[in-house]
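Participant: When you get a sec, could you give me coordinates for this:
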Amino acid sequence: MNETHKKSKTSTNPIDSLANHLGTSVKRLNNEIKKNIQDNEVIVTEIASHLLMGKSKKIRPLLTLLIAKMLKYNGTAHYNLAVCIEFIHNATLLHDDVIDDAIVRRGKEATNIIWGNKLSILIGDYLLSKSFKLMVKDKSIKVLEILSETSLILARGQIQDANNISNASLSEKEYLKLIFAKTAELFSVSCYLPAILAKKNNKIQIQLKNFGKNFGMAFQLSDDYLDYFGDSKKMGKNIGKDFYEGKITYPLIHCLKSSSKINQNYLNKILSKKSRNKNDFVKVLKIMKLSNTKSESLKFMTKYLKKAQKNIKRFEGDSDKVYLDNLINYLLIRDH
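Facilitator: Numbering: from 1, shown residues only. Presented below is the predicted three-dimensional model:
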């Protein structure tokens with residue numbers, strides 16, 4: 001076991017360990033991001049830099065770089081792909097922040113607060129356009145087709161998300177479809193497009209596609225869980241954001257399904273309000289305790305992590321795979 005491998009096992013933050021493991025590849029990624037947000041319109045560079053060059057996990061492009069390395073890909077197209085994926089993700093964040101009237105993003109003022117909604121939406125559109133221009137450079141029609149479809153799926157996910165605010169009748173099946181579109185799809189392409197670039201067989205492509213999908217589902221379910229049961233001090237923000245915005249996520253769906261009729265009626269009454277307050281949130285947490293929602297939400301997320309582990313079993317023994325395992329374990333113990 002090499003020294004880098006040892007560090008990844010003991011680090012409290014496997015995302016940082018992964019970035020350290022990738023070393024110069026991450027430096028190149030950041031340089032490519034910086035280069036591709038330079039524009040003659042100074043305001044474009046200013047806003048894009050505010051969002052992209054600050055504190056960010058960059059977990060999706062890191063997965064792309066790691067899997068390309070694991071598959072022994074010798075080309076350079078994965079750098080453009082990683083930048084493209086990060087641009088698409090951040091475009092959705094800009095649009096989400098406008099929809100949600102967000103105040104803070106990544107520990108600092110959201111772009112819509114500083115520059116307003118119009119410019120935030122337009123910079124999101126700019127990043128989407130830029131991402132496709134980047135992929136055209138590598139002349140991979142298949143990759144471009146997949147990313148185009150992914151962008152459509154993400155847009156549908158955002159539409160579904162906005163259209164289901166305070167919708168207490170949203171079913172578990174409908175919600176899983178929503179989070180696949182909103183979150184898991186981009187994780188999926190982050191993981192299996194490197195296999196296409198590396199010209200790996202269809203079986204490997206499907207396994208990595210499913211790994212990304214299941215990891216992405218677990219990632220979103222983890223976010224859902226933390227918004228109700230996370231440690232606000234460690235997270236650096238208050239919990240309950242989804243609840244106050246009227247977003248129906250898995251813990252609330254489980255609670256509605258598992259509670260007594262009296263509590264179901266009470267929850268529906270709270271969700272039908274134009275706005276919700278801290279007292280409402282405290283009451284909902286008490287009902288969730290009665291319905292065992294905390295442990296059931298964790299159990300539901302774990303189901304997807306087990307699927308993700310199974311998807312990458314074929315890479316057992318590969319020195320890079322341990323970093324995928326560490327990310328899976330991270331979601332199990334994540335508290336911020």
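Participant: The strand or helix carrying residue 90 packs against which elements?
Facilitator: Element membership for residue 90, per DSSP states H and E: helix 77-99. Helix 77-99 sits against helix 24-36, helix 42-52, helix 59-70, helix 111-115, helix 117-137, helix 141-163, helix 185-197, with contacts defined as 3 or more CB pairs under 8 Å, 6 or more residues apart in numbering; DSSP states H and E. C-beta here means a position set from N, CA and C on the backbone, and glycine is covered the same way.
Participant: hmm, who's touching the fifth one?
Facilitator: What that stands for is helix 117-137. 36-37, 39, 43-44, 47-48, 51, 80-81, 83-85, 87-88, 90-95, 97-98, 110-112, 143-144, 147-148, 151 (CB atoms under 8 Å, 6 or more residues apart in numbering).
Participant: Filter those residues down to the buried ones.
Facilitator: The neighbour-count criterion (16 or more other CB atoms under 10 Å) marks 36-37, 44, 47-48, 51, 80-81, 83-85, 87-88, 90-95, 97-98, 110-112, 143, 147, 151 among the contacts of helix 117-137 as buried.
Participant: Of the helices and strands packed on helix 77-99, which is nearest residue 104?
Facilitator: helix 111-115 (8.2 Å; CB to CB).
Participant: which strands and helices sit next to the closest one?
Facilitator: helix 42-52, helix 77-99, helix 117-137.
Participant: between these, which gets nearest to residue 227?
Facilitator: Taking CB to CB, helix 77-99 is the member of the helices and strands packed on helix 111-115 nearest to residue 227, at 14.3 Å.
Participant: Check which element follows the closest one along the chain.
Facilitator: From helix 77-99, the next helix or strand downstream (DSSP H and E) is strand 104-105.
Participant: Now distance to residue 21 and mean pLDDT too, for the helices and strands packed on helix 111-115, in JSON lines please.
Facilitator: Below are those laid out as JSON lines (distance: least, CB to CB, whole Å; pLDDT from 0 to 100):
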{"stretch": "helix 42-52", "distance to residue 21": "22", "mean pLDDT": "94"}
{"stretch": "helix 77-99", "distance to residue 21": "15", "mean pLDDT": "95"}
{"stretch": "helix 117-137", "distance to residue 21": "25", "mean pLDDT": "93"}
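Participant: tell me the contacts of residue 32?
Facilitator: Contact criterion CB under 8 Å, 6+ apart gives 79-80, 82-83 as the residues in contact with residue 32.
Participant: at 7 Å what do you get?
Facilitator: Counting by CB atoms under 7 Å, 6 or more residues apart in numbering, residue 32 makes contact with 79, 83.
Participant: do residue 48 as well
Facilitator: Contacts for residue 48 (CB under 7 Å, 6+ apart) come out as 37, 123, 127.
Participant: Quick one: low-confidence residue ranges for this protein.
Facilitator: The model of the chain has pLDDT under 70 over residues 1-12, 235-237, 335-336.
Participant: So it: which segments form each domain?
Facilitator: The record's domain parsing of the chain by automatic domain parsing lists 14-139, 176-336.
Participant: Using TSV, please lay out those together with distance to residue 157.
Facilitator: Converted to TSV, those look like this (distance: least, CB to CB, whole Å):
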stretch	distance to residue 157
domain 14-139	8
domain 176-336	3
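Participant: wait, which of these is closest to residue 156?
Facilitator: Comparing those by CB to CB, domain 176-336 comes nearest, at 5.2 Å.
Participant: Might one say that residue 298 is in contact with residue 222?
Facilitator: No. Contact criterion CB atoms under 7 Å: residue 298 and residue 222 do not qualify, at 9.0 Å.
Participant: Of those two, give the one with the bigger neighbour count.
Facilitator: residue 222 (22 against 15; other CB atoms under 10 Å).
Participant: How about the contacts made by the closest residue to the more buried one other than its chain neighbours?
Facilitator: Excluding the flanking residues, the one nearest residue 222 by CB to CB, 6 or more residues apart in numbering is residue 331, at 4.9 Å. Residue 331 makes contact with 218-219, 222, 305, according to CB under 7 Å, 6+ apart.
Participant: By neighbours, which of these wins?
Facilitator: Taking other CB under 10 Å as the neighbour criterion, residue 218 ranks highest of the contacts of residue 331 with 27 neighbours.
Participant: do you know how far residue 243 is from residue 181?
Facilitator: According to CB to CB, to the nearest Å, residue 243 and residue 181 sit 22 Å apart.
Participant: swap that for residue 241, please
Facilitator: Taking CB to CB, one finds residue 241 at 20 Å from residue 181.
Participant: Which one's more surrounded, those two?
Facilitator: Of the pair residue 241 and residue 181, residue 181 is the one with more neighbours under other CB under 10 Å, namely 21 against 14.
Participant: Quick one: residues contacting the more buried one.
Facilitator: 153-154, 156-157, 160.
Participant: Including neighbour count, could the residues you listed go into a markdown table?
Facilitator: As requested, the contacts of residue 181 are exported to a markdown table (neighbours: other CB atoms under 10 Å):
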| residue | neighbour count |
| --- | --- |
| 153 | 18 |
| 154 | 21 |
| 156 | 15 |
| 157 | 21 |
| 160 | 17 |
